[in-house]
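In: Show me how the following folds:
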Amino acid sequence: MREIVGTTKNNGNGSQQQQQEQISCTTTTNKCDDKRYSSTFKYILSKYLQFIRIPHRQDSILKTVQYSLWRLSKFYRNTVIPENTKCHYIPHRMSDALMKLSGEISWARYVLRFFGLPAAINGVDLRSWALENNYKRLGQVMSWTMIAYYPLEHLAYLCYKAPSVNWLPCATTSNACTNDVGSISSTDRYCHSSSILASKASAWSCRFWFTYLLLDIYRCTLSLRELKQNPHQTSKADDLVSISDSDKNENNNNNKLTQTDKQHREIVTVRTEHLQIVRNILYVLPAVNWSLPNWDTQPWLHNDLVNGLCWLESMVGLFQGVRDFQQI
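Out: Numbering: from 1, shown residues only. This next block holds a predicted model:
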């Protein structure tokens, strides 16, 4: 009987130890999972912060959100309205809200362009005109187009958002400014002149932007042509230097790695240039539409077509930015 009691006590102690071990293992597993999830979250957060560090990537994200909201608003707008339904039907209210959000992001991108002019000025180097390097000359022309583009965009933004200010010293008037009595108030005159000035400044800025797009397409074409005409060639230094077999094998391995890296960079460059050409082509028609006189009152292209092309460009641009970031 004593042996049985002792055995029972030992079994009870063993089961308690097993339970404690299971609890400790479960606790350790939960801690490991928490650490893994925390490290994964921090890794994703660090990569995101590295990605948005460059201003044009921030604009790319905002642009994608802007035109995606427009695309989603069109989906709600095309929803069939049941009969005997009031005008405050939910899908249409959602469509209007998405369009307003898209418009607010568009104005936010106007504000971010205030930081683009210093970068364009920094890219100008007058000494490069004396060189016989066509790439540098082409880059200088592209920089000058942006130097003309940004101030006009700033002027258009100020005229749109603050029309009561007399931005144009010689304010023009028209019948649109007259009130019921027939007189023209100073505030209406300034608003009307600011609206005209904003439209003209925006059109001229898009003309410089259109020039930049054409030059960028030409630059990408030259870059792809040069890569095609001058493919990567292996170095012949090993054939001219007498070295031992062990050193020769080590150098061959290093040359193979260098060869692989250069070929990989060439592939990335070709892909980037092709994507850049696609983006510029998608932007050509919207740029032409916004460059024409009376583009806001008598547009050449339908607004849905223009926004659709810009939405496609934003998706391609975001894809290009992510792929380029992965190669860093």
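In: From here on, just use CA atoms for contacts and neighbour counts.
Out: OK.
In: Please tell me how far residue 45 sits from residue 313.
Out: Going from residue 45 to residue 313 by Cα to Cα, to the nearest Å gives 26 Å.
In: Between these two, point out the one with more neighbours.
Out: residue 313 (24 against 12; other Cα atoms under 10 Å).
In: OK, contacts around the more buried one?
Out: 278-279, 282-283 (Cα atoms under 8 Å, 6 or more residues apart in numbering).
In: what stretches of the stretch 151-300 of the chain score poorly on pLDDT?
Out: 167-192, 231-262 (pLDDT under 70).
In: Quick check: which element contains residue 100?
Out: Per DSSP states H and E, residue 100 falls inside helix 90-112.
In: brain fart, residue 193
Out: helix 186-229.
In: which other helices and strands contact that helix?
Out: Contacting helix 186-229 under the criterion 3 or more Cα pairs under 8 Å, 6 or more residues apart in numbering; DSSP states H and E are the following elements: helix 134-161, helix 245-291.
In: Next, the angle helix 134-161 makes with it.
Out: Put simply, helix 186-229 runs at 160 degrees to helix 134-161, going by axes from the mean of the first three to the mean of the last three Cα atoms, to 10 degrees.
In: returning to what we had before: going by neighbour count, which of the contacts of residue 313 comes out on top?
Out: residue 279 (22 neighbours).
In: tell me the contacts of that one?
Out: Residue 279 neighbours (Cα under 8 Å, 6+ apart): 313, 316-317.
In: how does it look with 10 Å?
Out: Neighbour list for residue 279: 213, 217, 273, 309-310, 312-317, 320 [criterion: Cα atoms under 10 Å, 6 or more residues apart in numbering].
In: got the contact list for stretch 107-126?
Out: Residues from elsewhere that reach stretch 107-126 (Cα under 10 Å, 6+ apart): 55-56, 58-60, 62-63, 66, 102-105, 136-137, 139-151, 153-154, 156-158, 160-161.
In: That one: end-to-end distance?
Out: Termini of stretch 107-126 sit 34 Å apart (Cα to Cα).
In: What average pLDDT does that stretch get?
Out: Averaging pLDDT along stretch 107-126 yields 89.
In: got it, and stretch 60-78?
Out: Stretch 60-78 shows a mean pLDDT of 89.
In: Repeat that for stretch 46-56.
Out: Mean predicted lDDT for stretch 46-56 stands at 88.
In: What is the end-to-end distance of that stretch?
Out: Per Cα to Cα, stretch 46-56 runs 18 Å from first to last residue.
In: Would you mark the buried spots in it?
Out: residue 51 (16 or more other Cα atoms under 10 Å).
In: residues making contact with it?
Out: 40-45, 57-62, 112-113, 115-116, 321-322, 325-326.
In: Which of the residues you listed are buried, as a PyMOL select command?
Out: Filtering those down to the buried ones (16+ other Cα under 10 Å) takes a single PyMOL command:
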select buried, resi 57+59+60+61+62+113+116+321
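In: Narrow the contacts of stretch 46-56 to those in helices?
Out: 40-45, 57-62, 112, 116, 321-322, 325-326 (DSSP state H).
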